[in-house]
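*Asks:* give me a model of this one.
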Amino acid sequence: MGCRTNAKIAFSLALATLFPLDLAKAQRGDRKGETQFSRIPKELIPPAPALSPDAAVRKFKLRPGFRVELFASEPMIESPVAAQFDADGRLWVVEMRGYMRNLDGGGENTPIGRISILENTDEDGCADKCTVFLEGLVMPRALLHVRGGVLIAEPPNLWFYPIENDKPGPRVAVATDFGSQQNPEHTANSLVLAVDNWIYSLYHPWRYRFIGGKWQREPMPQRAQWGLSQDDFGRLFYSLNADHLRGDLVPSHYFSGWQKAPGIGVQIAKDQTIWPARMNPGVNRGYQPKTLRPDGTLEKFTAACGSCIYRGEALPGCEGNAFVCEPAANLVRRDLLSEQAGAITAHNAYEKNEFLASTDELFRPVNVYTGPDGALYIVDMYRGIIQHRMFVTSYLRSQIEDRGLDKVLDKGRIWRVAGTRSSPRNERPRLSKASPAELVAMLSHANGWWRDTAQRLLVERGDGSVAPALREVASRGTNVVPRLHALWTLEGIGQLKAEDIQSALASSHPKLRAAAIRLAEPLLRTGGTSPGDLSDRIFKLAADPAAEVQTQLALTLGLMKGEPRSTNLLASIAKNSRVPLARDLAMFVLPAKPPAKPPPPVANAAPLSADEQKRFDAGKGIYEQVCLACHQQHGLGQPGLAPPLVGSEWVAGSEKRMIRIVLQGMRGKLKVKGDEYELDMPSLGVLDNEQVAAVLTYVRREWNHGFPAVSPEAVQQVRKETENREDAWTMGELLKVP
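*Replies:* Presented below is the predicted three-dimensional model:
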């Protein structure tokens, strides 16, 4: 944009300061006392008409070497949010048709959601047939093919439907606590069957597996926020709105009940800067300074979601790269991943540019997947409103109304991206009818979708006759990935033996040796074949310098730390390992885990008065309504999303700071217990003085805290002092408050 345009923007800012938005009809996302105004003159903001797919594809800015084409669109599908290819290459799509059909979110509980099956019957690369598998759902958000049926997330329920001639059979409730319908942005989603044969999800502290004829689950740390993916080694990656790529460097089930542990929820990508192809005034906090650049483009991620580790072969040079959606800025990021000493880092594949960006404001990528043809499939919700009513600000409402974004409903597209010189196979897979030998061969396929699907089908069939063929794959080959699949398939069909583990422990591949240590755990616990020889072999790996081996050894020894030899070896790793993550893990598991509730930090806390006790009791209910989704029932927060309240110096410190955070919100960096968080905590200024005092009293006395209660009078005083405050607080500002 030129100098003349920038001058217009500056003039607009001056006028907006004098004439801010009319906040007479305040929105739930507003922060009390904040002045909201558009930083971009209305006449400079491009219109956002709904475009046909043919017109929309011309708005894409795609990096050289790639091409994008339409796979499916409305009216075949509407408001798609998630998808999965079945064993025969048909794309099953979750359609959240009830989401934000108007600015007030009316009708959310109307059962109009559905699951559709898209087929490419003529094998030309585009869907030409649609079958509705299931309808009448309320805000469905995830699905997963498993055991001849499909898991479907319809919070608060996780259902299993058998598939009978493409029709749903009698459903079974796998879980009744799979999120909540009250806050769709902060509830359970994403179902991924990982290489270890367990099913993982986001915003849900359990993993699932069908064992012994029934669904079973185990607790684990909760991840956030939307869109879960695994790499070739089963490591999980996800996004947190303003923090676009995080991941678990180690398996998470070792940390049952813990929200923070070494290697869990690690920030993979440090730089959150983005490079949109169009200005983005229609973001929820677009009125805040530094949200938009002078040219109107969004400066940093604010709605990152739908992360995918690409594991196909139709995008040359992209194998193992991360793709992340940013629907608020109408783009898809490509990150290059690097691994060193057990740590993974990521950086943008392009200098001040994006893999795919659109000048169409209605392009809303929300999920990305690797297809069986090796292409990258992008789920485009294609709509005007993506922010839920619970968070919409008056500023955003004005932006939506100005351009009629609320009128764009019942659309949606699936885009397919491939290399310009690659020829994605259009022939559909037929793995549901594949023989056991064919499925074993597919474990060595170049495409991760084929390997994952073949492993799933072999495990579900449970045919022990394939064990010799699996052992052949597990014991030979220069590519470690098929060997890992073969080992986990043996585990899944109950045919894994000590000899298989011994063979893997002798491998030259550190990731195979690490997996063998983990796979040995059941035999070590139950005394399987030659457990003494196996444990001796594992203990000898203490001298193995590989980061993967050191970290897994620390985790496995943590399960055996009652034995003196295990404890001594753990202490040695904690002191001497050259792998930082292994040292951290060893130190974490060495001591006995503290109780679920920490000891009281204040031994002589004054008892609450009768009025304070009533306030505490009321505060518990308020906390569960407005704070629990992020900070959790246990108050330990979530890595990268919400800091812990338990033992926090902020909770223990000045009540004036805490009151300010509740009344006006907080943004930017916050350091809690030595860790840094990047926050955009919304204001809760809509709570009255009694309610603010109640929830803060609860936080300062729950979890064995012994900090003073907060009075309504104290809240009233701070409210008066800050009534002209127009922005959320920063850490630096709050530290100046006594």
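*Asks:* who touches residue 152 in this structure?
*Replies:* By Cβ atoms under 8 Å, 6 or more residues apart in numbering, the residues touching residue 152 are 94, 115, 134, 137, 140, 142-143, 158-161. Where C-beta positions appear, they are placed from N, C-alpha and C, glycine not excepted.
*Asks:* out of these, list just those in strands.
*Replies:* When DSSP state E is applied, the contacts of residue 152 are split such that 94, 115, 134, 137, 142-143, 158-161 fall in strands.
*Asks:* ok, back up a step: most widely separated two among the contacts of residue 152?
*Replies:* When the contacts of residue 152 are compared pair by pair using Cβ to Cβ, the farthest-apart members prove to be 94 and 160, with a separation of 15.3 Å.
*Asks:* looking at these two now, which is surrounded by more residues?
*Replies:* Neighbour totals were compared for residue 94 and residue 160, and residue 94 leads with 28 against 23 (other Cβ atoms under 10 Å).
*Asks:* just list whatever residues bridge to that one.
*Replies:* In this structure, residue 94 has beta-bridge partners residue 82, residue 115, where bridges are defined by DSSP bridges.
*Asks:* quick check: it touching residue 144?
*Replies:* No - with the criterion set as Cβ atoms under 8 Å, residue 94 and residue 144 do not qualify as a contacting pair; they are 10.6 Å apart.
*Asks:* what's the spacing between residue 202 and residue 238?
*Replies:* In this structure, residue 202 and residue 238 are separated by 6 Å, where distance is defined by Cβ to Cβ, to the nearest Å.
*Asks:* so for those two, which residue has more residues nearby?
*Replies:* More crowded of residue 202 and residue 238, by other Cβ under 10 Å: residue 238, with 30 against 24.
*Asks:* would the more buried one count as being in a strand?
*Replies:* Yes - secondary structure of residue 238 (DSSP: H, G, I helix; E, B strand; the rest coil): part of a strand.
*Asks:* quick one: residues contacting it.
*Replies:* Contact analysis of residue 238 by Cβ under 8 Å, 6+ apart lists 190, 202, 223-229, 245-247, 307.
*Asks:* go on, residue 417?
*Replies:* Each residue near residue 417 by Cβ under 8 Å, 6+ apart is listed here: 62, 66-68, 315, 356, 375-378.
*Asks:* what do you get for residue 306?
*Replies:* 226-227, 239, 324-325, 365-368, 379.
*Asks:* what's the answer for residue 141, then?
*Replies:* When contacts are counted by Cβ under 8 Å, 6+ apart, residue 141 is found next to 81-82, 94, 96, 153-155, 179, 184, 187-189.
*Asks:* hang on, the earlier thing: which one of the contacts of residue 238 is nearest to residue 436?
*Replies:* Minimum separation from residue 436 among these (Cβ to Cβ) is found for residue 229, which lies at 28.1 Å.
*Asks:* can you tell me how far the closest one is from residue 391?
*Replies:* With distances defined as Cβ to Cβ, the gap from residue 229 to residue 391 amounts to 25 Å.
*Asks:* more crowded one of the two?
*Replies:* Here residue 229 and residue 391 are set side by side on neighbour count (other Cβ under 10 Å), and the busier one is residue 229, at 25 against 18.
*Asks:* so what's that one bridging to?
*Replies:* When bridges are taken as DSSP bridges, the partners of residue 229 come out as residue 237.
*Asks:* hmm, residue 320 and it touching each other?
*Replies:* No - the pair residue 229 and residue 320 fails to qualify as a contact (Cβ under 8 Å) at a distance of 11.5 Å.
*Asks:* mutual contacts of the two, please.
*Replies:* Overlap between the neighbourhoods of residue 229 and residue 320 consists of residue 309, taking contacts as Cβ under 8 Å, 6+ apart.
*Asks:* what is the burial count for residue 476?
*Replies:* By the measure other Cβ under 10 Å, the count of residues near residue 476 is 11.
*Asks:* find the nearest non-adjacent residue to it, please.
*Replies:* The shortest distance from residue 476 to any residue that is not its chain neighbour, by Cβ to Cβ, 6 or more residues apart in numbering, is 7.8 Å, and that residue is residue 483.
*Asks:* and the helix or strand residue 569 falls within, what does it pack against?
*Replies:* Secondary structure assignment for residue 569, by DSSP states H and E: helix 564-576. For helix 564-576, the helices and strands in contact under the criterion 3 or more Cβ pairs under 8 Å, 6 or more residues apart in numbering; DSSP states H and E are helix 547-559, helix 580-589.
*Asks:* then stretch 500-516 to CSV, C-alphas only?
*Replies:* As requested, the backbone C-alpha atoms of stretch 500-516 are provided in CSV (Å, rounded to 0.1, in the frame of the first residue of the first chain):
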residue,chain,number,x,y,z
ASP,A,500,11.0,-59.6,18.2
ILE,A,501,12.0,-57.0,20.8
GLN,A,502,15.5,-58.4,21.1
SER,A,503,15.9,-58.1,17.4
ALA,A,504,14.7,-54.5,17.4
LEU,A,505,17.0,-53.6,20.3
ALA,A,506,19.9,-54.7,18.2
SER,A,507,18.9,-52.5,15.3
SER,A,508,21.1,-49.7,14.0
HIS,A,509,18.1,-47.4,13.9
PRO,A,510,17.7,-45.4,17.2
LYS,A,511,14.0,-44.9,16.8
LEU,A,512,13.5,-48.7,16.4
ARG,A,513,15.6,-49.3,19.5
ALA,A,514,13.5,-46.7,21.4
ALA,A,515,10.3,-48.3,20.3
ALA,A,516,11.6,-51.7,21.3
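*Asks:* how far out from the middle of the chain is that stretch?
*Replies:* Per Cα atoms, centre = their mean, to the nearest Å, the displacement of stretch 500-516 from the mean C-alpha position of its chain is 30 Å.
*Asks:* buried set for it?
*Replies:* Within stretch 500-516, the residues that count as buried by 16 or more other Cβ atoms under 10 Å are 500-505, 507, 509-516.
*Asks:* other residues contacting it?
*Replies:* Where contact means Cβ under 8 Å, 6+ apart, the residues beyond stretch 500-516 that reach it are 233, 471, 474-475, 480, 483-484, 487-488, 490, 517, 519-520, 523, 533-534, 537-538, 541, 544, 546-549, 551-552.
*Asks:* also stretch 158-172?
*Replies:* Taking contacts as Cβ under 8 Å, 6+ apart, the residues outside stretch 158-172 that touch it are 117, 131, 133-134, 146-153, 173-176, 178, 188, 208, 215.
*Asks:* and the end-to-end length of that stretch?
*Replies:* With Cα to Cα, to the nearest Å as the measure, the first residue of stretch 158-172 is 9 Å from its last.
*Asks:* then stretch 155-170?
*Replies:* With Cα to Cα as the measure, the ends of stretch 155-170 fall 18 Å from one another.
*Asks:* report the buried residues of that stretch.
*Replies:* Of the residues in stretch 155-170, those buried by neighbour count under the rule 16+ other Cβ under 10 Å are 155, 157-161, 163, 168.
*Asks:* could you do stretch 58-73 as well?
*Replies:* Counting neighbours by 16+ other Cβ under 10 Å, one finds that the buried residues in stretch 58-73 are 59-62, 66, 68, 70-73.
*Asks:* ok, now stretch 168-180?
*Replies:* Of all the residues in stretch 168-180, those buried under the rule 16+ other Cβ under 10 Å are 168, 174-175, 178-179.
*Asks:* point out the ones among those that are inside strands.
*Replies:* Per DSSP E, the subset of these in strands is 168, 174-175.
*Asks:* run through the bridge partners of residue 207.
*Replies:* Each beta-bridge partner of residue 207 is listed here: residue 218, as defined by DSSP bridges.
*Asks:* where does it land on pLDDT?
*Replies:* At residue 207, the predicted lDDT confidence score is 96.
*Asks:* give the burial count for it, as a bare number.
*Replies:* Under the criterion other Cβ under 10 Å, the count of neighbours that residue 207 has is 21.
*Asks:* can you tell me how far it is from residue 199?
*Replies:* If you measure residue 207 against residue 199 using Cβ to Cβ, the figure is 6 Å.
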